[in-house]
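**Q** this one's sequence-less:
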């Protein structure tokens, strides 16, 4: 579904615009080098809706990182195992789904070889869809385990 952008006098891509997900995305890369303390969490907000996101654990000491779609402190993300764990250097995971933000956390028990912080790289494919179009990702499998 497209929306009419009256400020630009043209149709703009919307969250249901199939074409926005069929074409190659605009590249976007960020990361953290030993900047995520054990027990801490980073929230990464994309400038537009992403159609795919790859997270790479770049920590030389293989500090564990968890990747999730909601804050571990505000929901049952950790207790419900609603995350992907990347446990080794250069381990990665690609999410082929739309989202406007992602969270990376370093479990307090995740340090090895004396590490006190985690490192990661994020590579995203961005669409032309404004983030206000994207709904919040919550519910079963994301924040709760009981289907609510």
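**A** Done, it's in. This structure is a prediction, so every number in the text was calculated from the model and none was measured.

**Q** which stretch of helix or strand covers the closest residue to residue 99 other than its chain neighbours?
**A** Ranked by CB to CB, 6 or more residues apart in numbering and with sequence neighbours excluded, the top spatial neighbour of residue 99 is residue 50, at 5.6 Å. From N, CA and C alone the C-beta is placed, and that goes for glycine too. Secondary structure here is read from DSSP states H and E; on that basis residue 50 sits in strand 41-57.

**Q** could I get the buried residue list for that strand?
**A** Judged by neighbour count (16 or more other CB atoms under 10 Å), strand 41-57 contains these buried residues: 41-42, 44, 46, 48-53, 55-57.

**Q** how far out from the middle of the chain is the next helix or strand after that strand?
**A** From strand 41-57 onward toward the C-terminus, using DSSP H and E, the following helix or strand is strand 65-68. Averaging C-alpha positions (CA atoms, centre = their mean, to the nearest Å) puts strand 65-68 8 Å from its chain's average.

**Q** how about stretch 118-134?
**A** 7 Å.

**Q** how about stretch 14-31?
**A** Using CA atoms, centre = their mean, the offset of stretch 14-31 from its chain centre is 14 Å.

**Q** and that stretch, average pLDDT?
**A** Average pLDDT, stretch 14-31: 86.

**Q** residues touching that stretch, excluding its own?
**A** By CB atoms under 8 Å, 6 or more residues apart in numbering, the residues outside stretch 14-31 that reach it are 1-3, 13, 44, 46-52, 58, 98, 119-129, 133-135.
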